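1. mind looking at a prediction? Sequence and model below.
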There are 2 protein chains.
Amino acid sequence: MTKRDQLGNFELMVMLALIRLGDNAYGVPISEELEKRTGRDVAIGSVYAALERLEDKGFVTSELGEATPERGGRAKRYFRVTARGLREVRETQRALVNLWHGLPELEGGKA
Amino acid sequence: MTKRDQLGNFELMVMLALIRLGDNAYGVPISEELEKRTGRDVAIGSVYAALERLEDKGFVTSELGEATPERGGRAKRYFRVTARGLREVRETQRALVNLWHGLPELEGGKA
DNA sequence: CATTTATTCAAGTATAGTGAATAAATCACC
DNA sequence: GGTGATTTATTCACTATACTTGAATAAATG
């Protein structure tokens, strides 16, 4: 019955990319950041799907960027994490770190 | 078409509990370890389901315990992580740590 | 056969991955 | 100044995989 709205693996990664990107967090750079730091291919569609779920859960908010930049292309939709979202990220991080802390098999993954 | 067999969030946690438990890794203590370190309720059925997926992926192996212990109850099924499983855990850990490394919002989650 | 300890099953919901379609802006050209 | 090509970005429809839950089953002992 618990409706806990936990973070999935990919959702957590998206949240972390979002935090790092700050004011420049929208679809494309989020995707690039994930590829760069994880070394895995990231389908952009997955990113948007995760962002939508996260917004539904109240972990991020979004707003459209300015309507007429001096380049071609559609307007960007900027995302930012909410206080609740940040709390949830910390919570998930804490759980993981508790689980792997002190395991000699997992050295080098430090902080 | 990519069949990458990545670790889900819960699967990762189960793997970590498995590593920590060593020779005593079977359903019940795995579940307890998870509850203890994450602070979240864990349905034992979820643990078994994850273990089965992990075994399918070649990340863990299992074998039945001795048939006649001096207590009631069915025989235990012991699990252990494979070399490939350990590699995958390290890989996932590395990706996460890369993503949160250096973010001031996430201090205190150290190693 | 009652009790204990443990695993398995079935069926539902949630999360993730993919490729193609659509949207909204600028630019070049006449 | 209207039209279509180009650019940048988001959305959609579907499929696949992961997770959850509660109840059922299994295998041992007293």
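-> Sure thing, it's come through. Numbers count the residues shown, from 1 in each chain, chains lettered A, B, ... in the order given.
2. which helices and strands does the biggest helix by length in chain A pack with?
-> When every helix of chain A is counted residue by residue (DSSP state H), the longest turns out to be helix A:83-100. Secondary-structure packing of helix A:83-100 (3 or more Cβ pairs under 8 Å, 6 or more residues apart in numbering or on different chains; DSSP states H and E): helix A:9-21, helix B:9-21, helix B:27-38, helix B:83-100. Where C-beta positions appear, they are placed from N, C-alpha and C, glycine not excepted.
3. any part of it near DNA strand C?
-> No - on the criterion Cβ under 7 Å from any atom of the strand, helix A:83-100 is out of touch with DNA strand C, staying 10.9 Å away.
4. identify the residues contacting that helix?
-> A:5-7, A:12, A:15-16, A:19, A:54, A:58-60, A:81, A:106, A:109, B:9, B:12-13, B:16-17, B:20, B:34, B:37-40, B:93, B:96, B:100, B:105-106, B:109-111 (Cβ atoms under 8 Å, 6 or more residues apart in numbering or on different chains).
5. contacts only, for residue A:15.
-> By Cβ under 8 Å, 6+ apart, residue A:15 lies in contact with A:7, A:54, A:59, A:60, A:81, A:85, A:88, A:89.
6. now the first one. Nearest residue, chain neighbours left out?
-> It refers to residue A:7. The shortest distance from residue A:7 to any non-neighbouring residue, by Cβ to Cβ, 6 or more residues apart in numbering or on different chains, is to residue A:92 (5.0 Å).
7. identify each buried residue in the longest helix of chain A, please.
-> Across helix A:83-100, burial judged by 16 or more other Cβ atoms under 10 Å in any protein chain shown covers A:85-86, A:88-100.
8. now do stretch A:9-24
-> Applying a neighbour-count criterion of 16+ other Cβ under 10 Å, one finds A:9-21 buried in stretch A:9-24.
9. how about those in JSON lines, adding pLDDT?
-> Formatted as JSON lines, the buried residues of stretch A:9-24 follow (pLDDT from 0 to 100):
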{"residue": "A:9", "pLDDT": "95"}
{"residue": "A:10", "pLDDT": "97"}
{"residue": "A:11", "pLDDT": "97"}
{"residue": "A:12", "pLDDT": "98"}
{"residue": "A:13", "pLDDT": "98"}
{"residue": "A:14", "pLDDT": "98"}
{"residue": "A:15", "pLDDT": "98"}
{"residue": "A:16", "pLDDT": "97"}
{"residue": "A:17", "pLDDT": "97"}
{"residue": "A:18", "pLDDT": "97"}
{"residue": "A:19", "pLDDT": "97"}
{"residue": "A:20", "pLDDT": "96"}
{"residue": "A:21", "pLDDT": "96"}
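10. and DNA strand C, which of those reach it?
-> Among the buried residues of stretch A:9-24, proximity to DNA strand C is found for A:9, A:10, A:11 (Cβ under 7 Å from any atom of the strand).
11. now do the second one against residue B:9, distance only.
-> Residue A:10 sits 9 Å away from residue B:9, taking Cβ to Cβ, to the nearest Å as the criterion.
12. for residue A:71, same thing?
-> For residue A:71, the distance to residue B:9 (Cβ to Cβ) stands at 37 Å.
13. what's the closest of the contacts of residue A:15 to residue B:47?
-> residue A:7 (19.1 Å; Cβ to Cβ).
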